[in-house]
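Asks: pasting the structure only:
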């Protein structure tokens, strides 16, 4: 698997899109910090960008790499290599390249502006870590969608629809549910609904670390009571880990049964 991972990783970092993704984050970080010297506000702005852009880029990269490398994948299957080894190697190659571009693109500007000596350094490193987890989760889900759909157009459509659901539609349904059932106790429902969306869960975790939950009203108070505790922090990271591990297990299971 290591050899396949290295090949996929080197193949992706030679792609122009890797450098476009890297330069975008470099420019975004330097521009934000140049316009606003407050690192805390810059992190909040970056959060709003990352929780939308990282899942989108990861979804597109994942499904695109699966279809573009399909012929090479079939060639590898003619060798005495397990299918799970092939697909996991390709998947980790994609996530490693995406994580590296995110880490370098945001790390360099913030290190230049002295994030290590700032009081919000933990929030910044948490932001990077959450971005990496989102990359791993959505690229795994897009890989699985590719495995389930031979037609490339269908695969791309379902992958984009998946991102659109978690990034936009889910929040709309969540807010409508809160309004419709506002006369009922919704504390547990709000917590469970947040755990069921990796984007919302990542956003909530970082906002609570920045101590601005008061701006979120009643919902923020409920989240603070749970996610603000050590137990809530551990449970939330466990939930995010499930969003990474579950699609990977589905990839392995589907690869074993799929007829290429």
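Replies: Thanks, I have it. What you are looking at is a predicted structure, and each value in this text was computed from that prediction instead of being measured.

Asks: Packing partners of whichever helix or strand residue 84 is part of?
Replies: Assigned by DSSP states H and E, residue 84 belongs to helix 83-112. For helix 83-112, the packing partners by 3 or more C-beta pairs under 8 Å, 6 or more residues apart in numbering; DSSP states H and E come out as helix 2-13, helix 16-35, helix 39-68, helix 70-77, helix 121-148, helix 230-257. C-beta coordinates here come from the backbone N, C-alpha and C atoms, glycine included.

Asks: Compute the inter-axis angle for it and helix 121-148.
Replies: 150 degrees (axes from the mean of the first three to the mean of the last three C-alpha atoms, to 10 degrees).

Asks: buried ones in helix 83-112?
Replies: 83, 85-103, 105-107, 109-110 (16 or more other C-beta atoms under 10 Å).

Asks: related to what we said a few turns ago, the helices and strands packed on helix 83-112: which one's closest to residue 185?
Replies: In terms of C-beta to C-beta, the element of the helices and strands packed on helix 83-112 nearest to residue 185 is helix 230-257, at 18.4 Å.

Asks: Which strands and helices lie in contact with the closest one?
Replies: Using 3+ C-beta pairs under 8 Å, 6+ apart, helix 230-257 is in contact with helix 83-112, helix 121-148, helix 198-209, helix 217-227.

Asks: could you give the angle of it to helix 39-68?
Replies: Using the same axes, to 10 degrees: helix 230-257 against helix 39-68 is 10 degrees.

Asks: what angle sits between helix 230-257 and helix 70-77?
Replies: 80 degrees.

Asks: re the thing from before, can you tell me which of the helices and strands packed on helix 83-112 is most buried?
Replies: By mean neighbour count, with neighbours taken as mean count of other C-beta atoms under 10 Å, helix 121-148 ranks first of these at a mean of 23.

Asks: what's the following helix or strand after that one?
Replies: Moving toward the C-terminus from helix 121-148, the next helix or strand (DSSP H and E) is helix 152-164.

Asks: what mean pLDDT does that following helix have?
Replies: Throughout helix 152-164, pLDDT has a mean value of 92.

Asks: Please apply the same query to stretch 82-102.
Replies: pLDDT averaged over stretch 82-102 gives 88.

Asks: Now do it: distance to the chain's middle.
Replies: On the basis of C-alpha atoms, centre = their mean, to the nearest Å, stretch 82-102 sits 14 Å off its chain's mean C-alpha point.

Asks: likewise stretch 177-197?
Replies: With C-alpha atoms, centre = their mean, you get 23 Å for stretch 177-197.

Asks: Going forward, the N-terminal residue is numbered 44.
Replies: Noted, 44 is the first residue going forward, which turns the last one into stretch 220-240.

Asks: Next, the contact list for residue 86, please.
Replies: Residues in contact with residue 86 (C-beta atoms under 8 Å, 6 or more residues apart in numbering) are 163, 166-167, 170, 249, 253.

Asks: And residue 75, by the same measure?
Replies: 85, 88-89, 152.

Asks: cutoff 6 Å now
Replies: 85, 88 (C-beta atoms under 6 Å, 6 or more residues apart in numbering).

Asks: try residue 202
Replies: By C-beta under 6 Å, 6+ apart, residue 202 lies in contact with 102, 106, 185, 188.

Asks: buried ones in stretch 242-253?
Replies: 242-253.

Asks: out of the contacts of residue 202, who's nearest residue 273?
Replies: So of these, ranked by how close each gets to residue 273 (C-beta to C-beta), first place is residue 102, at 32.3 Å.

Asks: Many thanks, I have nothing further to ask.
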